[in-house]
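>>> Generate a structure from the sequence data that follows.
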Amino acid sequence: MSQDRAAADGSPSDIAMTPDADSYRHARPLVMLGIGAILAYNVTSAAKEVYAGHVLQTADPFVLITLCFGLVVVVFQILHRLERGGSRVQPGPVPAASVLRLFIVMNLTTTGAWLGLYFALRYLEPAVAGGLSGGVGPLAVLLWRRWTGRPIGGDELLSGLGILAACLLLAWSATAGQGLVIDATPAQTLAGLASATAGGISATLASVWAKKLSGAGMSPVGIMAHRFYVLVALAAVLALVLGRFALPLPDLGGVVIIGLFGVAAPLYALQVGIKYCRIFHVNIIIGLCPLFTLGFQAFSAWVHWSGLTVLGVVMLVVSGYVGLFRIRRPSRVAAAGVEP
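Here you go, the predicted model:
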């Protein structure tokens, strides 16, 4: 194995500092658990994007975010209190004194991620919004890694560029009118594209900081319990200032479905995946989410499959395979640690 590849995958010192795995033999099952958790996130998140996209045609995004994520905060606060030792920080690669700063940054990036996605779902078909939000992630990770002085593998770069090309094709399908969205003007479509892209970059940065918190000893439940304070507060304030609570509120059943099964459950699964997998692989798998979204769109009457959208999703799948192929190569470290 070359030194660059070893540095990209981790080092023995990284393993020793990580409580999740202390050798390749022990790390491999944890990595597979993480991959399975991310795939579970993809399925539940795809269903949520289609359902939330339908709800957002009549509901205000700020109100829906406030209600859904407020419910998520309450649920994970209860679970965090019940979790034995969930609030204790164990020694790890990230000093305990930095945990508060990490939580603040993760709250801010999480806010940008979800505001961007929910606005995009208002003006774009779910497969396009999901494709852009998830598709820009791998390239954003590579740019982050380059900025921090870490090496980039050739297959990783090829995968990231392929996913970027797929994202551009998805954007073209929307701007060319190939993707059908109810009452979306060209200006609204462009706003949706910008929101989805910004949300995807923010989500990538949030996953990097979530990985650091996991390395500091925080449990997935503990991270989720404190992740959405800024998002809920900002959405609530904006909804109040703009008078959106005076409008008809979303159906309570829809709020519960989106909050529990579209946000809480998939994000917990994603946090488990972040704990055991490298951030680049996490974002590669998330980039495949539009494949599941298109499947759920087949059962939705308000959107339809378009040729360019399907082609873009196929490109995402092929590029994702290129990026994930590295997991199958022998390595002393499969994924554990804080490296992105």
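>>> Centre-most residue in the chain?
residue 203 (5.2 Å; C-alpha atoms, centre = their mean).
>>> Provide a list of residue ranges in the stretch 1-150 of the chain with pLDDT below threshold.
1-28, 49-50, 84-97, 127 (pLDDT under 70).
>>> rerun that using 90 as the cut-off
1-65, 80-102, 114-150 (pLDDT under 90).
>>> quick one, helices of it?
3-9, 12-17, 24-55, 61-82, 99-123, 126-147 (DSSP state H, counting those that start in this stretch).
>>> Of all those helices, which one is nearest residue 225?
helix 61-82 (3.8 Å; C-beta to C-beta). For glycine as for every other residue, the C-beta is placed from the backbone atoms N, C-alpha and C.
>>> Give me the distance from that closest one to the chain's centre.
Put simply, helix 61-82 sits 17 Å off its chain's centre (C-alpha atoms, centre = their mean, to the nearest Å).
>>> Next, the angle helix 99-123 makes with it.
140 degrees (axes from the mean of the first three to the mean of the last three C-alpha atoms, to 10 degrees).
>>> List the buried residues in helix 61-82.
Across helix 61-82, burial judged by 16 or more other C-beta atoms under 10 Å covers 61-73, 75-76, 79-80.
>>> Would you report the backbone torsion angles of residue 277?
Backbone torsions of residue 277, given as degrees, to the nearest 10, read phi -120, psi 160.
>>> Provide a list of residues in contact with the nearest residue to it once chain neighbours are set aside.
Nearest residue to residue 277 in three dimensions, chain neighbours excluded: residue 34, at 4.0 Å (C-beta to C-beta, 6 or more residues apart in numbering). By C-beta atoms under 8 Å, 6 or more residues apart in numbering, the residues touching residue 34 are 272-277, 282, 335.
>>> mind checking how far residue 34 is from residue 229?
26 Å (C-beta to C-beta, to the nearest Å).
>>> same check, this time on residue 194
25 Å.
>>> my guess is residue 236 meets residue 66, correct?
Yes: if you go by C-beta atoms under 8 Å, residue 236 and residue 66 touch, sitting 4.5 Å apart.
>>> neighbours around residue 144, how many?
Residues within reach of residue 144, counting by other C-beta atoms under 10 Å, total 17.
>>> What of residue 253?
With other C-beta under 10 Å as criterion, residue 253 counts 8.
>>> in what helix or strand does it lie?
helix 252-256 (DSSP states H and E).
>>> and the residue nearest to residue 141 when sequence neighbours are not counted, how many residues sit next to it?
Nearest residue to residue 141, sequence neighbours excluded (C-beta to C-beta, 6+ apart): residue 280, at 4.7 Å. Counted by other C-beta under 10 Å, the residues lying close to residue 280 total 27.
>>> Same question for residue 186.
Count around residue 186 with other C-beta under 10 Å applied: 10.
>>> where's it relative to residue 192, distance?
11 Å.
>>> got a list of what residue 136 touches?
Counted by C-beta under 8 Å, 6+ apart, residue 136 has contacts 163-164, 167, 197, 200-201, 204.
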